[in-house]
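# sequence first, then the predicted structure:
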Amino acid sequence: MSAAYSPAEQMAVVLAHDVRDWETVGCGTHSPVPAAGLLLALHTHAPHATLIIDGHPEHSLATPSDLHFIAQRGELDLYHFSGIQIDRHGNLNMTLLGDPANPKLRVPGAHGAPVLYYTAGRSNLFRMEHTRRSLVERVDYVTCSGVEACEHGGPKLLVTPNAVLRFDRERADFVLISFHGGLDLDQVCANIGWEVRVAPDVRETEPPSPAELRLLRTSVREQVALVYPDFVRQGHLGTS
Amino acid sequence: MLSMVHAGAMGLPFIGLWGLLGSDLLRQRRDFKVVEDPFRPGRQVVVAESIRPDVAVFQALRADPEGNAVLAGKQESPVIAQASKRVVVTAEEVVDRVTAVDAAAGRHTFLPAADADIVVHVPFGAHPGALPAAYERADAQCRAYVEASQDEATFAAYLERSVFGVPSHAAYLERVGLAAGARA
């Protein structure tokens, strides 16, 4: 590996930079990278942020409904979403692959995401696989609609192990704004399942700073391990 | 959807929801309707029918004969119990009296007797699933279930062997090595 940091660390740093101090920010199940990003933000520039990390003993609410109620009241500033497929228009598929009438695969489902995606002030998307099968022209099933979410909140960034895309609300379409260090831009674009627009000022993603890496591999790692011990054991946030 | 259960717990007919517009879920779910928002003319809103389950079953750490129960961890179960027409509490242990103070002390959830109809003593009632603060998930058995569920025939065989073919809960516990005498 050429880089001195992992794709998860790079993604966590990008997500952390979008958190502002004093905001209420959260992530749900199966979200170790956003969890790391939120904790990193808390340890750096956003010490007053309120974190809601599903399953975390300190950063949890009294009950799971509370997250939805906070969002419905308009008090959730930022939430993180993924999906089995994400498309160019910010639609998320958390339901099935193939023909909806006769699916090839069914996945656990939305858990209130179609409400949260709309009610959160803004949403950052992440996908741990940067491939044409996960980043698609059109999702097989629209669990959450990107365009409708923009009525109130809507997608902002889409972060993958290779790149950062930003949602252009006017054209309802993602623009690639940066690619991670050491990667080839053409290759990164070729692995996106649509003709992706590239920002005129596209650049390499700002890599994690030494201070950020130190935090990710110590305090953040410890906190992430409380929710995602396997993820930490696999060495995504350094090795102990 | 949680909001639909909350509406059921409040005894309301339906509930208005933010979002959901544009989701394919609306095509499949007959209990979701898109209507004009009566308070914001010209705008659409999704309304969802409330959910009132006929029966809800909760595995409790402890319960008393009145139906007061301690449910493991912090959870939504009291709302589901309020929404449900009948509530069965199956308990690891039945004791003389359970109070909200006991539940709070263990950072658990209290289910009051007012929301429960029937209490049954069922040790290891969540097995092979986990019951936090009591026992871990039985991975081997869960794996067998997942493997068997890959196709109809193997799943039918699994049900015959592990569910219908087991005459009682006591026989089930014996089969998985958790019968009273065998417990560590």
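Cool, the structure landed. It should be emphasised that the depicted structure is a prediction, and the values quoted were computed from it without experimental measurement.
# for chain A, what lies in contact range of chain B?
Within chain A, the residues that sit near chain B (Cβ under 8 Å from any Cβ of the partner chain) are A:60, A:62-65, A:68, A:72, A:91, A:95, A:100, A:110, A:112, A:114-119, A:141-145, A:147-149, A:151-152. For the C-beta atoms, the positions are set from N, CA and C on the backbone; glycine is no exception.
# give me the buried entries from these.
Among those, those scoring as buried are A:60, A:63-65, A:68, A:72, A:91, A:95, A:110, A:112, A:114-119, A:141-145, A:147-149, A:152 (criterion: 16 or more other Cβ atoms under 10 Å in any protein chain shown).
# what segments of the chain are helices?
All of this refers to chain A. A:7-17, A:32-43, A:64-72, A:113-119, A:146-149, A:185-190, A:210-216, A:219-225, A:229-233 (DSSP state H).
# hmm, no, I was thinking of chain B.
Using DSSP H, helices in chain B cover B:2-9, B:25-28, B:77-83, B:100-105, B:139-148, B:152-159, B:169-175.
# show me which residues of chain B sit near chain A.
Counting by Cβ under 8 Å from any Cβ, chain B sits next to chain A at B:1-3, B:6, B:17-25, B:28, B:74-76, B:79.
# if we compare the helices of chain B, which one ends up closest to B:Gly125?
Smallest distance to B:Gly125 across the helices of chain B (Cβ to Cβ): 7.7 Å, for helix B:169-175.
# chain center to that closest one, what's the gap?
Centroid displacement of helix B:169-175 relative to its chain, using Cα atoms, centre = their mean, to the nearest Å, is 22 Å.
# which residues of the chain score low on pLDDT?
Went with chain A since none was named. Across chain A, the ranges flagged by pLDDT under 70 are A:1-3, A:240.
# right idea, wrong chain: chain B
B:180-184.
# domain ranges for it?
With automatic domain parsing as the criterion, the domains of chain B are listed as B:2-49, B:55-121, B:139-182.
# the longest one: end-to-end distance?
With Cα to Cα, to the nearest Å as the measure, domain B:55-121 spans 18 Å from end to end.
# can you pull the contacts of the residue with the shortest distance to the centre of chain A?
The geometric centre of chain A, computed from its C-alpha atoms, lies nearest to A:Phe126 (Cα atoms, centre = their mean), at 2.9 Å. A:Phe126 makes contact with A:Met11, A:Leu15, A:Ser31, A:Val33, A:Pro34, A:His80, A:Phe81, A:Ser82, A:Leu158, A:Val159, A:Thr160, according to Cβ atoms under 8 Å, 6 or more residues apart in numbering or on different chains.
# so what's it bridging to?
When bridges are taken as DSSP bridges, the partners of A:Phe126 come out as A:Val159.
# distance of it from A:Leu226?
According to Cβ to Cβ, to the nearest Å, A:Phe126 and A:Leu226 sit 20 Å apart.
# and for A:Gly90?
In this view, A:Gly90 and A:Leu226 are 31 Å apart by Cβ to Cβ.
# of those two, who's got more company?
A:Gly90 (29 against 15; other Cβ atoms under 10 Å in any protein chain shown).
# list the contacts of that one.
By Cβ under 8 Å, 6+ apart, the neighbours of A:Gly90 are A:Leu125, A:Gly146, A:Val147, A:Ala149, A:Cys150, A:Gly154, A:Pro155, A:Leu158, A:Phe167, A:Ala172, A:Phe174.
# at 10 Å instead, please
A:81, A:117, A:123, A:125, A:139, A:144-150, A:154-156, A:158, A:165, A:167-169, A:172-174 (Cβ atoms under 10 Å, 6 or more residues apart in numbering or on different chains).
# buried subset of the residues you listed?
Buried among those (16+ other Cβ under 10 Å): A:81, A:117, A:123, A:125, A:139, A:144-150, A:154-156, A:158, A:165, A:167, A:172-174.
# circling back: highest mean neighbour count out of the domains of chain B?
When those are scored by mean count of other Cβ atoms under 10 Å in any protein chain shown, the highest mean neighbour count falls to domain B:55-121 (a mean of 19).
# next one: stretch B:151-158 to chain centre, how far?
For stretch B:151-158, the distance to the chain centre is 25 Å (Cα atoms, centre = their mean).
# where along chain B do the strands fall?
Remark: strands assigned in chain B by DSSP state E are B:14-17, B:32-36, B:44-49, B:55-63, B:69-71, B:86-94, B:109-111, B:118-121.
# for the fifth one, name the packing helices and strands.
On a contact count with 3 or more Cβ pairs under 10 Å, 6 or more residues apart in numbering or on different chains; DSSP states H and E, strand B:69-71 meets strand B:55-63, helix B:77-83, strand B:86-94, helix B:100-105, strand B:109-111.
# quick one, which of the ones you listed gets closest to A:Leu40.
That would be strand B:109-111 among the helices and strands packed on strand B:69-71, by Cβ to Cβ, at 32.2 Å.
# which residue, other than its chain neighbours, is closest to B:Val55?
B:Arg86 (4.8 Å; Cβ to Cβ, 6 or more residues apart in numbering or on different chains).
# separation between the one you found and B:Val70?
Plainly put, B:Arg86 is 20 Å away from B:Val70 if you go by Cβ to Cβ.
# could you count how many residues lie near the residue nearest to A:Ala46 when sequence neighbours are not counted?
Distances taken as Cβ to Cβ, 6+ apart put A:Asp21 closest to A:Ala46, at 4.4 Å, once the chain neighbours are dropped. Residues lying near A:Asp21 (other Cβ under 10 Å) number 12.
# show me the contacts for A:Asp21.
A:Ala41, A:Leu42, A:Thr44, A:His45, A:Ala46, A:Pro47, A:His48, A:Ala49.
# 8 Å - rerun?
Contacts of A:Asp21 (Cβ under 8 Å, 6+ apart): A:His45, A:Ala46, A:Pro47, A:His48, A:Ala49.
# quick one, which of those are buried?
Here, 16+ other Cβ under 10 Å leaves A:Ala46, A:Ala49 buried among the contacts of A:Asp21.
# identify the farthest-apart pair in the contacts of A:Asp21.
Of all pairs in the contacts of A:Asp21, the most separated under Cβ to Cβ is A:His45 and A:His48 at 10.2 Å.
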